[in-house]
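[1] Return atomic coordinates for the entry below.
(2 chains)
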Amino acid sequence: GAVVSQHPSWVICKSGTSVKIECRSLDFQATTMFWYRQFPKQSLMLMATSNEGSKATYEQGVEKDKFLINHASLTLSTLTVTSAHPEDSSFYICSAIGSVSYEQYFGPGTRLTVT
Amino acid sequence: EDKVVQSPLSLVVHEGDTVTLNCSYEVTNFRSLLWYKQEKKAPTFLFMLTSSGIEKKSGRLSSILDKKELFSILNITATQTGDSAVYLCAAHGSGNTGKLIFGQGTTLQVKP
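    Numbering: from 1, shown residues only, chains lettered A, B, ... in the order given. Have a look, this model is predicted:
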């Protein structure tokens, strides 16, 4: 089956710094990637939809200048949390879909802790 | 506004019990409904349902969709402790973006 990886799996950073999270589709070309955030005991909340070569589409309430998304190739999307604050601490999950079906393949997630 | 609602939010059963998890949806231009199991990491895919009344089955898990009443159920028979997880329901709605709208999840705990 299709495999999506994320890096890093876990990161701790200081308040005010920026953190970049990578999402890669390993064995297929992902026309679209999605970024989700999940707080403890809550469901996945879609942050943005990322299409290769174009600007990401952000969900209502998500600050595009704070969560920078780049989808430079068909196998890589990155999410940069800029000027991170403790309230940004969360589990960030990406998913990808190919060009054939709409089944989403999820990455393993990145746990971000901002101190 | 599109939404997906799951019930119950949490459930505690004993091994061997049968459980039914519910998911109702209101989604513009509905295309499909998906079930996922989430343990400590990212969700793993269970089922995708697009047609009403056709049961999908995988081992002790089965699921069915009712597009008239806008809901789906996930059944787990002969539960085991390894079934303990959060079960997420998601609907794929309007457009060709592939965007999923997730429900809140049902936390299932199976006691030995």
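
[2] so what's the residue nearest the centre of chain A bridging to?
    Closest to where the C-alpha atoms of chain A average out (Cα atoms, centre = their mean) is residue A:35, at 3.7 Å. Listed beta-bridge partners, residue A:35: residue A:48, residue A:94 (assigned using DSSP bridges).

[3] So it versus chain B, what's the distance?
    12 Å (Cβ to the nearest Cβ, to the nearest Å). All C-beta spots, glycine's among them, are computed from the backbone N, C-alpha and C.

[4] same check, this time on residue A:21
    According to Cβ to the nearest Cβ, residue A:21 and chain B sit 13 Å apart.

[5] Helix or strand: which one has that residue?
    strand A:19-25 (DSSP states H and E).

[6] picking up where we left off before, the residue nearest to the centre of chain A: what's it in contact with?
    A:23, A:46, A:47, A:48, A:50, A:67, A:69, A:77, A:79, A:92, A:93, A:94 (Cβ atoms under 8 Å, 6 or more residues apart in numbering or on different chains).

[7] hmm, try it at 10 Å
    A:21, A:23, A:45-50, A:56, A:58-59, A:62, A:67, A:69, A:77-79, A:92-95, A:107 (Cβ atoms under 10 Å, 6 or more residues apart in numbering or on different chains).

[8] picking up where we left off before, check which helices and strands the strand holding residue A:21 is in contact with.
    In terms of contacts (3 or more Cβ pairs under 10 Å, 6 or more residues apart in numbering or on different chains; DSSP states H and E), strand A:19-25 is packed against strand A:4-7, strand A:10-13, strand A:32-38, strand A:67-73, strand A:76-81, strand A:90-97, strand A:110-114.

[9] Let me see the mean pLDDT of that strand.
    Averaging pLDDT along strand A:19-25 gives 96.

[10] between it and strand A:67-73, how many degrees?
    Counting by axes from the mean of the first three to the mean of the last three Cα atoms, to 10 degrees, strand A:19-25 lies at 30 degrees to strand A:67-73.

[11] in stretch A:14-25, what's buried?
    A:19, A:21, A:23, A:24, A:25 (16 or more other Cβ atoms under 10 Å in any protein chain shown).

[12] ok, now which ones touch residue B:101?
    A:43-44, A:46, B:1-4, B:25-28, B:89-93.

[13] one more time with 7 Å
    For residue B:101, the contacting residues are B:2, B:3, B:4, B:27, B:90, B:91, B:93, by Cβ atoms under 7 Å, 6 or more residues apart in numbering or on different chains.

[14] Nothing else from me, thank you.
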